[in-house]
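[1] Attaching a predicted model along with its sequence, questions to come.
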Amino acid sequence: MDSDDEMHLDNTGVGGTRLGRHERIKNALQILRLGRISLLDLILSVLDPSEPDFAVYRTRFFTDRSGKFTKLLDHILKNDHGRVHLLRWMEPHALRLVCQTIASEMDEVKSALAGTIKSITPESLLTWDVNTFIRSVIDECAPTTGQILKTAARTDRAMGINKIKSGETACNVIITQLAKERSQNSLYFAAPFTLFLFTNGVSRQTIEALHKCGLCISFTSLTALLKNLATQSLDQAARIVRGPHIMCYDNINISTSIFVEQRASAPAKVQSGTFAVLYEVRNGDPAHMHLSPIIIRAQQASDLTFNADVRPSIDQMKSFHSQLRIHVVQTLLDYCKAFDSYTRPQGPSFHYLERRKMPKGYRTKQYPLRTSTIDESSVTGNIAVINDVYINQLKMTHEQLADLAIPSINDQATNARIRGAKALRTKDVNPFTRLQTLQLGFGLFHLCMNLIWTLLHVHRGSINQVGSLSYFFALLDRTRLGCEHPDYHTLLSTLLQILRGIIMSAWHAESDQILMNHVTPAHNLSKKLENKTIPHGSDHNTDEAHNNLHLLPRDLLYVLELVHATSDGDFGRIEDILGYLAMVFRGAGSNNYCSEILHFLYNLKKVWTPEFADIMRDNMLVNFTGLEGHCMPIDLNIEHLIKFLKLFFAAKGVYASWDHLGDISATVDLLQNVRKQVGHALGISYHGITHTMPDTIAAIKKVSSKVSELELHSFKPDRAENSLVRPVVDTLATGEQKLKSATLATFNRKVRGMMAGEGFELEEDEIAPASFDFSHDTEQDSSGIINSEFT
């Protein structure tokens with residue numbers, strides 16, 4: 001086979017038949033072997049673009065549509081040696097290919113997440129969900145990038161075993177982080193996350209550091225975002241204010257300097273201003289909120305009388321006594337060990353009687369406004385505040401406001417100043433400038449706060465006086481409650497613990513006979529307690545400790561009912577006891593709050609139309625969650641918001657900006673909701689898994705044991721401690737006597753004088769004004785009451 005003839009191999013077999021494919025390939029490989037040409041040399045020569053003779057073969061090789069080219073690569077990849085060579089060659093080319101794919105995908109992600117500061121709306125923030133939305137963007141625009149991140153985030157073992165930690169949120173956040181690096185306008189994650197950090201008290205420096213990491217917008221951009229959101233929030237409030245609404249406001253004091261030494265050119269150490277909030281009206285029919293019928297009724301109103309208007313009706317008395325029976329039963333079921341095996345009773349007889357309860361699931365909507373620098377601690381200041389809210393901020397005209405009756409529920413001091421402003425402007429040109437548009441109601445939080453302050457004044461006594469509050473404070477190691485500025489929440493909680501301890505002691509004192517007769521504690525015990533709350537009228541009664549112990553739980557039961565009715569959202573139950581509370585305040589010397597309740601009852605029964613009176617009743621309480629037991633006084637909500645503003649307005653010294661505070665205040669409700677929304681989307685729980693409510697049963701049992709030990713439920717004229725005990729004022733009887741003798745007549749005279757433009761005289765309290773310490777408050781969800789007793 002040295003000649004060319006010898007090199008020729010015939011493709012025909014014996015008898016001239018055509019060889020099969022396998023045989024022909026063997027012959028071809030034989031030719032290559034005889035020609036000392038390897039298979040790789042053949043392929044390289046054919047594919048070499050410098051070889052024109054093989055151009056046709058090259059073209060057919062690369063344009064193969066039969067899938068043979070792909071099969072060739074598959075066979076190489078399946079072979080152990082071939083795979084090593086192929087992957088080594090593919091690595092730089094695959095990297096380049098993946099980079100190109102990712103670049104293309106991220107361009108689409110950037111477009112999908114595009115948005116500027118001005119394009120962010122309150123609605124978009126409240127529906128923000130990083131996982132749902134980003135997952136859809138990844139699936140549609142960046143499947144390769146998403147798969148790479150998931151692979152990088154989890155090991156093969158984790159993918160197979162760990163069913164809880166998916167790493168999805170981290171991957172989604174990284175995608176948004178990368179999109180923001182490609183474009184500063186990709187703010188879908190960065191903007192809400194920055195607001196979340198801001199509302200959780202993160203410092204400016206931390207926000208700037210996270211901005212460099214692509215997780216946040218800069219602090220300067222945050223300021224611009226807050227201003228934009230404030231403008232949108234005010235626009236929304238301006239639309240709401242054209243219809244039925246409630247307007248409330250309170251003062252706010254902001255520290256603007258941390259330095260003791262002040263200079264003439266420096267800002268004041270503390271800046272005072274006013275913060276207002278609008279609310280949508282529940283059951284607010286515009287036809288029932290016209291001012292003109294109210295003005296006519298006010299001009300024709302008769303005097304307020306004790307028997308018809310102040311003293312609770314028979315129906316209200318029965319309702320209140322029914323609620324007291326349930327309080328007693330609940331106390332025994334919760335704290336008495338003998339009832340551990342009892343199931344909770346069902347049926348209307350064992351539930352609080354509903355009088356005017358907020359519908360289940362109702363959620364109040366609020367619209368905060370910009371904080372102004374107007375100080376509302378004067379009559380003229382209140383006039384300026386009202387003008388700023390409606391004319392400057394909400395851009396309304398006097399004509400639009402002339403026939404609107406606007407509920408305004410505030411603390412007693414604010415209401416007193418507004419009445420003074422009304423008296424001052426009786427002869428003004430229109431109802432708005434005469435401030436007749438504002439129909440006043442009292443804030444229930446301040447009412448409760450002043451009620452327990454009043455009862456503390458009445459029942460405080462001394463540590464040596466058996467059965468006094470000071471005695472029980474020492475017993476429970478709460479001696480700080482005897483100081484000049486007690487902590488409000490600790491005092492309220494302690495008073496109710498003392499009340500429950502006294503109820504427990506009364507139960508133990510009567511339980512033998514009750515259990516022997518197999519009667520229901522809901523009827524008999526509460527009846528006995530009701531009888532015992534009435535002081536003995538005999539001249540021979542000298543057991544002052546025994547008498548004082550009857551008056552203490554009676555007064556504290558008003559507090560318990562007020563607290564529970566508030567959290568349940570039932571203003572009808574509160575209205576049932578308003579007459580009693582007026583007597584208690586007047587009997588204890590808290591004349592201003594007695595007068596405030598009388599003004600409300602006067603308007604409720606004499607001035608307001610029945611429909612508008614119902615509107616006022618229905619809007620004294622708010623609920624921002626829609627959950628049962630999470631109602632709160634409307635004035636407590638504004639205190640929550642003011643606390644939030646003080647916490648997050650951290651500008652000090654000459655760099656403080658009241659405009660910045662205005663932007664925060666107008667968005668305060670939105671910021672709180674964004675914090676919840678982002679936290680929920682990221683899977684952050686509000687409470688830790690170890691969060692528990694405090695157990696107060698030990699304190700209640702200690703009070704119960706001590707009362708039983710001293711036999712304070714028993715009448716003992718020869719009690720050794722009586723020489724140290726001073727009689728406590730019966731606030732109910734004393735208040736009734738004062739109301740009948742002079743207070744109501746004086747009140748009616750002042751109302752007539754105010755209507756006639758003769759001015760308005762403020763009351764003078766006979767006790768010191770309430771002065772509580774709120775410095776130990778812990779921030780809570782504004783949808784609930786700060787104090788656990790309200791929740």
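    Yep, it's here. Numbers count the residues shown, from 1 in each chain.

[2] so how far is the first residue of stretch 111-130 from its last?
    Stretch 111-130 has an end-to-end distance of 16 Å (criterion: CA to CA, to the nearest Å).

[3] Do me a favour and average the pLDDT over it.
    For stretch 111-130, mean pLDDT rounds to 89.

[4] what sits up against that stretch?
    137, 140-141, 169, 172-173, 176, 179, 183, 185-189, 191-192, 195, 217, 221, 224-225, 228-229, 232-233, 236, 667, 670, 673-674, 677-678, 681-682 (CB atoms under 8 Å, 6 or more residues apart in numbering). For glycine as for every other residue, the C-beta is placed from the backbone atoms N, C-alpha and C.

[5] Buried subset of these as a ChimeraX selection?
    Typed into ChimeraX, the line below selects the buried ones among the contacts of stretch 111-130, using 16 or more other CB atoms under 10 Å:
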select :137,141,169,172,173,176,179,183,186,187,188,189,191,192,195,217,221,224,225,228,229,232,233,236,667,670,673,674,677,678,681
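
[6] Just the ones of the contacts of stretch 111-130 in strands?
    Taking DSSP state E, every one of the contacts of stretch 111-130 sits outside strands.

[7] Kindly provide the distance from the nearest residue to residue 761 once chain neighbours are set aside to residue 46.
    Nearest in space to residue 761, with sequence neighbours left out and distances taken as CB to CB, 6 or more residues apart in numbering, is residue 750 at 5.9 Å. Applying CB to CB, to the nearest Å, the value for residue 750 to residue 46 is 113 Å.

[8] Of the two, which one has the most company?
    Neighbour comparison, residue 750 and residue 46: the larger count goes to residue 750, with 21 against 16 (by other CB atoms under 10 Å).

[9] so which strand or helix has that one?
    Assigned by DSSP states H and E, residue 750 belongs to helix 744-755.

[10] which outside residues touch that helix?
    298-299, 303-306, 310, 419, 422-423, 426, 595, 598-599, 602, 759-761.

[11] Which strands and helices lie in contact with the helix or strand hosting residue 409?
    In the assignment (DSSP H and E), residue 409 maps to strand 406-410. In terms of contacts (3 or more CB pairs under 8 Å, 6 or more residues apart in numbering; DSSP states H and E), strand 406-410 is packed against strand 245-255, strand 438-442, helix 634-648.

[12] ranking these by burial, who's on top?
    Ranked by mean neighbour count, those are led by strand 438-442 with a mean of 22 (mean count of other CB atoms under 10 Å).

[13] Note down every partner strand of that strand and its orientation.
    As defined by DSSP bridges, the strand partners of strand 438-442 come to strand 406-410 (parallel).

[14] relative to helix 634-648, how tilted is the next helix or strand after the partner strand?
    Per DSSP H and E, strand 406-410 leads on to helix 412-424 as the next helix or strand towards the C-terminus. For helix 412-424 against helix 634-648, the angle by axes from the mean of the first three to the mean of the last three CA atoms, to 10 degrees is 110 degrees.

[15] Spit out the contact partners of residue 721.
    Contacts of residue 721 (CB under 8 Å, 6+ apart): 465, 466, 545, 710.

[16] 7 Å instead?
    466, 545 (CB atoms under 7 Å, 6 or more residues apart in numbering).

[17] Distance-wise, check it relative to residue 768.
    For residue 721, the distance to residue 768 - CB to CB - is 28 Å.

[18] Stretch 334-346: end-to-end distance?
    Using CA to CA, the two ends of stretch 334-346 sit 15 Å apart.

[19] pLDDT on that stretch, on average?
    pLDDT averaged over stretch 334-346 gives 77.

[20] got the contact list for it?
    332, 333, 500, 504, 507, 697, 700.

[21] I figured the fifth one was touching residue 332, is that so?
    Pointing back at residue 507 there. Yes: between residue 507 and residue 332 there is a contact at 5.9 Å, judged by CB atoms under 7 Å.

[22] Quick check: the residue nearest to residue 761 vs residue 477, distance?
    With CB to CB as the criterion, residue 750 and residue 477 are 46 Å apart.

[23] returning to that earlier point: orientation of the helix holding residue 750 relative to helix 412-424 in degrees?
    Going by the same axes, to 10 degrees, helix 744-755 makes 50 degrees with helix 412-424.

[24] Just the buried positions in helix 744-755, please.
    744, 747, 748, 750, 751, 754.

[25] Quick check: the gap between the first one and residue 595.
    Meaning residue 744. Distance from residue 744 to residue 595, by CB to CB: 11 Å.

[26] same check, this time on residue 717
    40 Å.

[27] which one of these two has more residues nearby?
    residue 595 (24 against 11).
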